[in-house]
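# Fold the stuff below for me.
(2 chains)
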Protein chains: 2
Amino acid sequence: MPNPTAAILIIGDEILSGRTRDSNMHFLAGELTRVGIDLAEVRVVPDVQARIVAALNDLRAAWDHVFTSGGIGPTHDDITADAVAAAFGVALDIRQDAYDILAAHYAATGLEFNAARQRMARIPAGATLIDNPISAAPGFSLGNVHVMAGVPSIFQAMVASVLPGLTGGDPLMSQSYRIDRGEGVIAEPLGALAAEFPDLSFGSYPFIRNGAHGSNVVIRGHDAARIDAAMTRLAALFPGDGA
Amino acid sequence: MPNPTAAILIIGDEILSGRTRDSNMHFLAGELTRVGIDLAEVRVVPDVQARIVAALNDLRAAWDHVFTSGGIGPTHDDITADAVAAAFGVALDIRQDAYDILAAHYAATGLEFNAARQRMARIPAGATLIDNPISAAPGFSLGNVHVMAGVPSIFQAMVASVLPGLTGGDPLMSQSYRIDRGEGVIAEPLGALAAEFPDLSFGSYPFIRNGAHGSNVVIRGHDAARIDAAMTRLAALFPGDGA
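Below is the predicted model:
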């Protein structure tokens, strides 16, 4: 059975303007690979409801899971919950369990539980809350869409809450082999080797170090013995280079 | 007149598997902001021709420019030129000027100009070459699609070649103001202030530092005087906080 598939939807003007360098995509990509969910696509869209809705509807139809990052705080530019409710055509109201979690958090910290903070208790109808052990305001899962905060520490905590509940597949394993020669030298034998192992994926990632060209060859697949066999062949083709 | 718009299409299994953390999106986002081209969308897709073609056709129809990153090297997984040719329905053949650039480069470096390297001279019909001062193999522009290498140093050099030839708009300017209080405290006055300046964009980017919540408020727009006016109001709302 093929692995489940996923997309990440990153929501935020600050990423598109270059102000903030996103780190959530790279983090979640690694986590998904670890649990055997194949990340098929990532999109970044601005804080514009129509754009978020359109991307959500594309991605949730195309892939088994959609993970979103950003836009669930208390400020006027936090419109992800509105967009998810609109995409699914469901109501968005303050929900008692989310409200109680936030009320307890602000009571404990001595901060005012004002209208802006109460806004974070608005959850689309039918959703399941995602625990936020850092700042209380919950994320939520609705259908195959998992809505999480953009702040990296909170995003990572929410990923840790959500992933164990999803059915993964065979973890994607990989081995890499560094070859201190330009890709142009290795391309032909590497392509021929890749053709011999159609069940594996062969990637070649060139680098330039101290002016010299090299490449990291990565062999990926779901069968460790096959990867070992391919690595043995690769090492024989390029002896003297290293893992 | 509104600014031109752009999308970035990042091509590569290594980004989606979490092996490599992309840096080209963040770099180009900043450069586009500087020259007044509004980055409207980013997508990341795997090294699969049908997926690249579909994304290219979506993005080039929706936005004024599309910048791609990755997949133009000599190995079997470098299929971006093939995908661009397929998306535009044009031929992909070895082109003499690209061939000559590569031949001169390999003659000068004493490396063999073999079939894999000659593959990098395949340019879709009608394209304009993009100079690669680092490793010679050119990128290309076809219509509104600009195809560049994924290696960050080469990507950045190609961006420097391409951007001056594009018509930009008013640079998007921004000022930021750090407020060492949680977003929940500032949300209401900030939302009201944003409503007073509909020509500007107000973003609030929460952070957690040493366990304390704060937020960087960023005001963006194309009119420096208006941004100054809004910043003055913001500082009056939250005195004692800092830029």
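
# Just to check, residue A:32 is in contact with residue A:7?
No: using CB atoms under 8 Å, residue A:32 is not in contact with residue A:7; the gap is 10.2 Å. C-beta here means a position set from N, CA and C on the backbone, and glycine is covered the same way.

# In terms of packing, which of the two has more residues around it?
residue A:32 (29 against 26; other CB atoms under 10 Å in any protein chain shown).

# Kindly state the pLDDT recorded for that one?
pLDDT for residue A:32: 96.

# same question, the one 3 residues further on
Per-residue confidence at residue A:35 stands at 92 (pLDDT).

# Please give me every residue in contact with it.
Contacts of residue A:35 were listed using CB atoms under 8 Å, 6 or more residues apart in numbering or on different chains, and they are A:163, A:166, A:168, A:171.

# Contacts for the helix or strand of chain A with the lowest mean pLDDT, please.
Sorted by mean pLDDT, DSSP states H and E, the helices and strands of chain A end with strand A:201-209, the least confident at a mean of 86. Residues outside strand A:201-209 that contact it (CB under 8 Å, 6+ apart) are A:182-183, A:186-187, A:190, A:193-194, A:213-221, A:230, B:12-14, B:19-20, B:47, B:73, B:75-77, B:134-135, B:151, B:153.

# Turn the buried ones among those into a named ChimeraX selection, would you?
Typed into ChimeraX, the next command selects the buried ones out of the contacts of strand A:201-209 (criterion: 16 or more other CB atoms under 10 Å in any protein chain shown):
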select /A:182,183,186,187,190,193,194,213,214,215,216,217,218,219,220,221,230 /B:12,13,14,19,20,47,73,75,76,77,134,135,151
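
# Quick one, which of the contacts of residue A:35 are buried?
Neighbour counting over those (16+ other CB under 10 Å) leaves A:163, A:166 as the buried ones.

# First-to-last residue distance for stretch A:13-26?
End-to-end distance for stretch A:13-26, by CA to CA, to the nearest Å: 18 Å.

# which residues of chain A fall in helices?
Secondary structure of chain A (DSSP state H): helices located at A:13-16, A:24-35, A:49-62, A:80-88, A:96-109, A:115-118, A:152-162, A:183-196, A:224-237.

# Which of those helices has the highest mean neighbour count?
Counting by mean count of other CB atoms under 10 Å in any protein chain shown, helix A:13-16 has the highest mean neighbour count of the helices of chain A, with a mean of 24.

# And the average pLDDT for that helix is what?
The predicted model assigns helix A:13-16 a mean pLDDT of 94.

# could you say what helices and strands that helix packs with?
Contact here means 3 or more CB pairs under 8 Å, 6 or more residues apart in numbering or on different chains; DSSP states H and E; on that basis helix A:13-16 packs against strand A:38-45, helix B:24-35, strand B:38-45, strand B:201-209.

# Can you check what angle separates the longest one from helix A:24-35?
Between the axis of helix B:24-35 and that of helix A:24-35 there is an angle of 170 degrees, by axes from the mean of the first three to the mean of the last three CA atoms, to 10 degrees.

# so how far is helix B:24-35 off the chain centroid?
Taking CA atoms, centre = their mean, to the nearest Å, the mean C-alpha location of helix B:24-35 is offset from the chain mean by 5 Å.

# What ranges in chain A fall below the confidence cut-off?
A:241-243 (pLDDT under 70).

# center of it - which residue?
By CA atoms, centre = their mean, chain A has its centre lying nearest to residue A:28, at 3.5 Å.

# Perfect, I'm done here.
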